[in-house]
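> quick check, what structure comes out for this input:
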Amino acid sequence: MHLPKDFLKRMQGFMQEEYEAFVETYKENKVQGLRINTLKISVEDFLNFNPFHLKHIPWIEEGFYYGTEDKPGKHPYHEAGLYYIQEPSAMAVATILDPKPRERILDLCAAPGGKSTHIAARLKHEGFLLSNEIHPSRAKILSQNIERMGIKNCVVTNESPERLAQRFQNFFHRILVDAPCSGEGMFRKDVEACEQWSMEKVASCARRQLDILEQAVKMLMPEGRLVYSTCTFSPEENEGVIDQFLKKYHEFSIEAVEIYHGFGGGKPEWIKSENEGLRKTIRLWPHRIQGEGHYIAVLKKNDGDGEYKIKNSKKEIDRKAIKDYFCFAEEYLHKIPEGEYILFGEQLYIMPKEMISLEYLKILRPGWHLGTMKKNRFEPSHAFALALTEKEAKNNICFSAESKEILSYLKGDPLSVDGKKGWHLIHVDGYSLGWGKLANNVLKNHYPKGLRWTVDSV
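Below you'll find the predicted structure:
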């Protein structure tokens, strides 16, 4: 790998006796990990039938390295949302954020969704997650990953931090700012980040990171936790940003948290700062752990304005307008999902009760997508299926992950199946994968066309 000369010169000056061990990691293959989605399956149950060569990641209970021979992205369990493929060091961030059920959480720079889906798993469908991404194409990928993991209590927005701060003052218990950065910690796995690196980019990122943090301040309630993270080694973007932030916002302090013994502390001397509290921030180094480079700072808001009072300005939906949904749910489910129903055009959602009015916000996903209100009928969505369990549906068809039927289903083919006429929830080894509609022993395939496997993907 051809690393930028200025980058190497800087790192040699910073790391001194550790420099040679650090540089040697660029001759090694990147490590790969997956995080089990505990919204759908327990770690124990997954390990009982897992098809991969897994080794536990020591800083996260539900995280595992997988072997170079494994292809978890091309497995039916991936499509069922049983796990999320995620870089191992990145799994430390949401663990350190430590979200609790019933809290209101903001992931401000959320795409592609690794940390948001981790937060959602920790919330256990209780509380509220707002996942935001300012870039439209990346926000769409984020929304798709929220759907795949079967998350019910998340709203996905495509907004600037400034616009969100106008609406959610003192609103969130915890906020994650996984800030856009120069990507130095990802050079081993991202050639493009390496090629685009420059000192000018480092400086530009640092300015933008501080701007984002200043908006996050407005949205965090007193006693709340703000976690700032990057995937870069650059002290200007790490200790430098936090040092500047603390000089301006005296109500914040750095919070020490329990960490894995292989993690390192912050380096105030690299930015010539006298703030020894910066040593309580966290650095992950590829020569010390099996993972890429990361920086994490945990900030606590010690005082400030009072907690946000939720203003219920939402309009109640006319339940007669969605009577076909209730008919569907009564016929095919043991219990009708309840909540705050909203219609986005023809699309029906259950919105988290903590979400404020949707007016004047760019919303990609206002909650759990149930389906489409067609003329005189309701058609269930893929997101509806992925968040349901076998016990909740009246009609279930289950295939093995190794069966030819599951491969045919993922390719979008119709299937010959004996059973009752109507909608059926399709499962892989007992975990929901999508819908099919049965008539005359032929299952019409409702697996989304955009997700279907092709010959090349098999």
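> for the rest of this, base every contact and every neighbour count on C-alpha atoms.
OK.
> residues making contact with the top helix by length along the chain?
Across the chain, the longest stretch assigned as helix under DSSP state H is helix 199-219. With contact meaning CA atoms under 8 Å, 6 or more residues apart in numbering, helix 199-219 is reached by 108, 161-162, 165, 168-172, 175, 177, 179-182, 234, 236-237, 241, 244-245.
> can you classify the nearest residue to T389 once chain neighbours are set aside as helix, strand or coil?
In space, and not counting its chain neighbours, T389 is closest to S432: 6.2 Å by CA to CA, 6 or more residues apart in numbering. Here S432 is recorded as strand under DSSP: H, G, I helix; E, B strand; the rest coil.
> give the bridge partners for S432, please.
Using DSSP bridges, the bridge partners assigned to S432 are H427.
> CA atoms only: put the lowest-mean-pLDDT helix or strand in the chain into CSV for me.
None of the helices or strands of the chain scores lower by mean pLDDT, DSSP states H and E than helix 191-195, at a mean of 89. This file holds the C-alpha atoms of helix 191-195, laid out as CSV (Å, rounded to 0.1, in the frame of the first residue of the first chain):
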residue,chain,number,x,y,z
VAL,A,191,-8.0,2.9,-0.8
GLU,A,192,-10.0,6.0,-1.8
ALA,A,193,-9.6,7.6,1.6
CYS,A,194,-5.9,7.1,1.3
GLU,A,195,-5.7,8.7,-2.1
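> and it, what other elements does it pack with?
Of the remaining helices and strands, none touches helix 191-195 by 3 or more CA pairs under 8 Å, 6 or more residues apart in numbering; DSSP states H and E.
> buried sites along it?
A193, C194 (16 or more other CA atoms under 10 Å).
> so what's the closest residue to S160 other than its chain neighbours up against?
Distance criterion CA to CA, 6+ apart; nearest residue to S160, sequence neighbours excluded, is I134 at 5.5 Å. Counting by CA under 8 Å, 6+ apart, I134 touches C109, N158, E159, S160.
> same thing with G127?
P101, R102, E103, R104, N153, P352, E354.
> buried subset of these, written for PyMOL?
Buried residues among the contacts of G127 (16+ other CA under 10 Å), as a PyMOL selection:
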select buried, resi 101+103+104+153+352+354
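> mind checking how far the least confident helix or strand of the chain is from the chain centre?
From the chain centre to the centre of helix 191-195 is a distance of 23 Å (CA atoms, centre = their mean, to the nearest Å).
> quick one: contacts of it?
L3, P4, S182, G183, E184, M186, F187.
> rerun that using 7 Å as the cut-off
Here helix 191-195 makes contact (CA atoms under 7 Å, 6 or more residues apart in numbering) with L3, G183, F187.
> buried ones among the residues you listed?
Buried among the contacts of helix 191-195 (16+ other CA under 10 Å): L3, G183, F187.
> could you look up the SS state of the first one?
If I follow you right, that is L3. Criterion first, three-state DSSP; result for L3: coil.
> what sits against it?
C194.
> how near is it to I342?
According to CA to CA, to the nearest Å, L3 stands 51 Å off from I342.
> check the second one too.
G183 is 39 Å from I342, where distance means CA to CA.
> repeat for the last one
Shown here: F187 relative to I342, a distance of 44 Å by CA to CA.
> what helix or strand is I242 on?
helix 239-248 (DSSP states H and E).
> what angle separates that helix from helix 199-219?
40 degrees (axes from the mean of the first three to the mean of the last three CA atoms, to 10 degrees).
> and for helix 239-248, what's in contact with it?
Contacts for helix 239-248 (CA under 7 Å, 6+ apart): A206, L210, F252, G266, K267, P268, I271, L278.
> the fourth one contacts W285, correct?
No: contact status for G266 versus W285: not in contact, 11.5 Å apart, counting by CA atoms under 7 Å.
> could you chop this protein up by domain?
5-301, 395-458 (automatic domain parsing).
> can you tell me which of these is most buried?
domain 5-301 (a mean of 19; mean count of other CA atoms under 10 Å).
> start and end of that one, how far apart?
For domain 5-301, the end-to-end distance is 40 Å (CA to CA).
> check what pLDDT the residue nearest to S160 gets.
The model reports I134 with a pLDDT of 98.
> helix, strand, or coil at it?
Quick answer, by three-state DSSP: I134 is coil.
> do the same with Y19
Quick answer, by three-state DSSP: Y19 is helix.
> S229 too?
strand.
> with Y332 as the reference, measure out to it.
Distance, S229 to Y332, by CA to CA: 44 Å.
> same thing with H250?
If you go by CA to CA, the gap between H250 and Y332 works out to 56 Å.
> do W270 as well
Using CA to CA, which is the criterion applied here, W270 is 62 Å from Y332.
> repeat that for W453.
Taken as CA to CA, the span from W453 to Y332 is 27 Å.
> ok, and the closest non-adjacent residue to I41?
According to CA to CA, 6+ apart, the nearest residue to I41 is L82 (6.6 Å).
> nearest to L358 among the buried ones among the contacts of helix 191-195?
G183 (33.6 Å; CA to CA).
> and the closest residue in space to the closest one that isn't next to it in sequence, helix, strand or coil?
The shortest distance from G183 to any residue other than its chain neighbours is 4.9 Å, reached at T232 (CA to CA, 6+ apart). What three-state DSSP gives for T232 is coil.
> tell me the confidence at T232?
pLDDT at T232 comes out at 97.
> now it: how far from G185?
4 Å.
> dump stretch 36-52 to PDB, restricted to CA.
Extracted in PDB, the C-alpha atoms of stretch 36-52 (Å, rounded to 0.1, in the frame of the first residue of the first chain):
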ATOM      1  CA  ILE A  36     -25.400 -10.200  15.800                       C
ATOM      2  CA  ASN A  37     -28.800  -8.400  15.800                       C
ATOM      3  CA  THR A  38     -30.200  -9.100  19.200                       C
ATOM      4  CA  LEU A  39     -33.500  -7.600  18.200                       C
ATOM      5  CA  LYS A  40     -34.000 -10.800  16.200                       C
ATOM      6  CA  ILE A  41     -31.900 -13.500  17.800                       C
ATOM      7  CA  SER A  42     -29.800 -14.000  20.900                       C
ATOM      8  CA  VAL A  43     -26.100 -14.500  20.700                       C
ATOM      9  CA  GLU A  44     -26.400 -18.000  22.100                       C
ATOM     10  CA  ASP A  45     -29.100 -19.000  19.500                       C
ATOM     11  CA  PHE A  46     -27.100 -17.700  16.600                       C
ATOM     12  CA  LEU A  47     -23.900 -19.500  17.700                       C
ATOM     13  CA  ASN A  48     -25.900 -22.700  17.900                       C
ATOM     14  CA  PHE A  49     -26.300 -22.800  14.100                       C
ATOM     15  CA  ASN A  50     -23.900 -20.200  12.700                       C
ATOM     16  CA  PRO A  51     -22.400 -21.200   9.300                       C
ATOM     17  CA  PHE A  52     -19.200 -19.100   9.700                       C
END
